[in-house]
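Trainee: Pasting the sequence and the predicted coordinates here, then a few questions.
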Amino acid sequence: MRQAIYPEREGLKSLEKLPQWTRLPSLCCQAAGGYPEWVDDLTVAWVLFYTAADLMDKVQDQDQPDPWWRDLGSGAALSVATGVYFSASLVLNELLRNPITRPSANEIIRDFYNNLLIMTSGQYRELIERVSTLEDYWEYAGAKSGVFFATACRCAARLAIDDQDLLNDFYQFGYHFGLLVQIHDDLDDIQPPTNQAAPGQKKEIARSLAVIYALSVLPPHDCKRLKWSLSKAPTDSQAAEEVVDILNRSNAALYLLTELERHRKLALDAIMRACKPSPAQETLISYLSI
């Protein structure tokens, strides 16, 4: 995992690159005045937790299985996810063994697990409660994507500083960055992907921000038609095209773009407050252009 996150340290160039956001802890630690090496264990644990949570999320939402567990079944996927969770916990505890990270390790580990509980509670509520309003959507998105990124940014900065106001600014940067990622994912759901003419056929579109927004602003007749089209879309290309057409009439894409800019501005304001100008801060700001 360390080699995948930091291939340049090992002189490796052939490893598949992980997403850009996996560098957030290192950059936040540096922006706070620390060194990237301090955050290695935290970053590895964080990425492992993400991997496990993403796998469990796919099983719970009954998404299309990944090739490696398609034949083995969801039980195998959950078993692997459990193992990855425990692996992440073991790596996180390495903060207690490192003389540099030991002074803040207990606070970071407690903060890390408290926020994971918030994330899991958000996932649980999404499973048992129907997300039917924009307020519901933002609450669940914040508890999951927002808190996930906020945790990494705050905990990484804590290795270098203990000013609670500045740490809260790092938290807010990560929180709004996480919502940016979520909005981008939802925006992709209504954009025609490569080799697919009807993006409405994607199952996840029914839970997306675009649909929640449309149902909150469209008249009852159009809402009824959108729900019908969504139910038929996975196997009916005409219904899938109608989904996109109705979403376009609601100006859902414009709403998503507006929210994108709002959270980008909030993240930018937070990181400008959190630290002084530096190469790390510049890179963090550049990430907001995703």
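Mentor: Cool, the structure landed.
Trainee: Tell me which residue of the protein is furthest from the middle?
Mentor: Most distant residue from the mean C-alpha position of the chain: His221, 33.9 Å away (CA atoms, centre = their mean).
Trainee: Which secondary structure elements does the host helix or strand of it sit against?
Mentor: Following DSSP states H and E, the helix or strand that holds His221 is helix 220-232. Under the contact criterion of 3 or more CB pairs under 8 Å, 6 or more residues apart in numbering; DSSP states H and E, helix 220-232 touches helix 209-217, helix 237-249. All C-beta spots, glycine's among them, are computed from the backbone N, C-alpha and C.
Trainee: returning to that earlier point: let me know the pLDDT of the residue farthest from the centre of the chain.
Mentor: Model confidence at His221, expressed as pLDDT, equals 94.
Trainee: measure it to Ser87 for me?
Mentor: 52 Å (CB to CB, to the nearest Å).
Trainee: again, but for Arg130
Mentor: In this view, Arg130 and Ser87 are 34 Å apart by CB to CB.
Trainee: Arg262 too?
Mentor: Arg262 is 37 Å from Ser87, where distance means CB to CB.
Trainee: neighbour-wise, which of the two wins?
Mentor: In this view Arg262 and Ser87 are compared by other CB atoms under 10 Å, and Ser87 has more residues nearby, 17 against 14.
Trainee: Quick check: which element contains the more buried one?
Mentor: In the assignment (DSSP H and E), Ser87 maps to helix 74-92.
Trainee: If you count contacts, what does that helix end up packed against?
Mentor: helix 40-60, helix 67-70.
Trainee: Next secondary structure element downstream of the one helix or strand in the chain whose mean pLDDT sits lowest?
Mentor: Every helix and strand of the chain was ranked by mean pLDDT, DSSP states H and E. The lowest is helix 2-5, at a mean of 52. Toward the C-terminal end, the helix or strand that comes next after helix 2-5 (DSSP H and E) is helix 24-31.
Trainee: Convert that next one to CSV, retaining C-alpha atoms only.
Mentor: The C-alpha atoms that make up helix 24-31 are tabulated as CSV, following Å, rounded to 0.1, in the frame of the first residue of the first chain:
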residue,chain,number,x,y,z
LEU,A,24,-4.5,14.8,1.0
PRO,A,25,-3.1,13.7,4.4
SER,A,26,0.5,14.3,3.3
LEU,A,27,-0.3,17.7,1.9
CYS,A,28,-2.3,18.8,4.9
CYS,A,29,0.5,17.7,7.2
GLN,A,30,3.0,19.7,5.2
ALA,A,31,0.7,22.7,4.9
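Trainee: now what about it, what contacts it?
Mentor: With contacts defined as CB atoms under 8 Å, 6 or more residues apart in numbering, helix 24-31 is touched by 35-36, 38-39, 42-43, 46, 149, 152-157, 159-160, 170, 173-174, 177, 271, 274-275, 278-281, 283-284, 287.
Trainee: residue ranges with poor pLDDT in the chain?
Mentor: Counting by pLDDT under 70, the chain shows low-confidence ranges at 1-17, 131, 192-204.
Trainee: Need the residue closest to the centroid of it.
Mentor: Closest to where the C-alpha atoms of the chain average out (CA atoms, centre = their mean) is Ser145, at 3.8 Å.
Trainee: In three-state terms, label it for me.
Mentor: With DSSP: H, G, I helix; E, B strand; the rest coil as the basis, Ser145 sits in helix.
Trainee: how near is it to Gly122?
Mentor: Ser145 is 9 Å from Gly122, by CB to CB.
Trainee: for Ser87, same thing?
Mentor: The spacing between Ser87 and Gly122, counted by CB to CB, is 23 Å.
Trainee: Then Ser74?
Mentor: Where Gly122 is concerned, Ser74 sits at a distance of 21 Å (CB to CB).
Trainee: So between those two, which is more surrounded?
Mentor: For Ser74 versus Gly122, the count of surrounding residues by other CB under 10 Å is larger for Gly122: 20 against 15.
Trainee: count of residues packed around the residue nearest to that one when sequence neighbours are not counted?
Mentor: Once its chain neighbours are removed from consideration, Gly122 has its nearest residue in Ala143; the separation is 2.9 Å (CB to CB, 6 or more residues apart in numbering). As a burial measure, the neighbour count of Ala143 was computed by other CB under 10 Å and equals 20.
Trainee: For Ala143, give me its contacts.
Mentor: With the criterion set at CB under 8 Å, 6+ apart, Ala143 makes contact with 118-119, 121-122, 125.
Trainee: Specify which member of the residues you listed is nearest to Ala239.
Mentor: Arg125 (29.4 Å; CB to CB).
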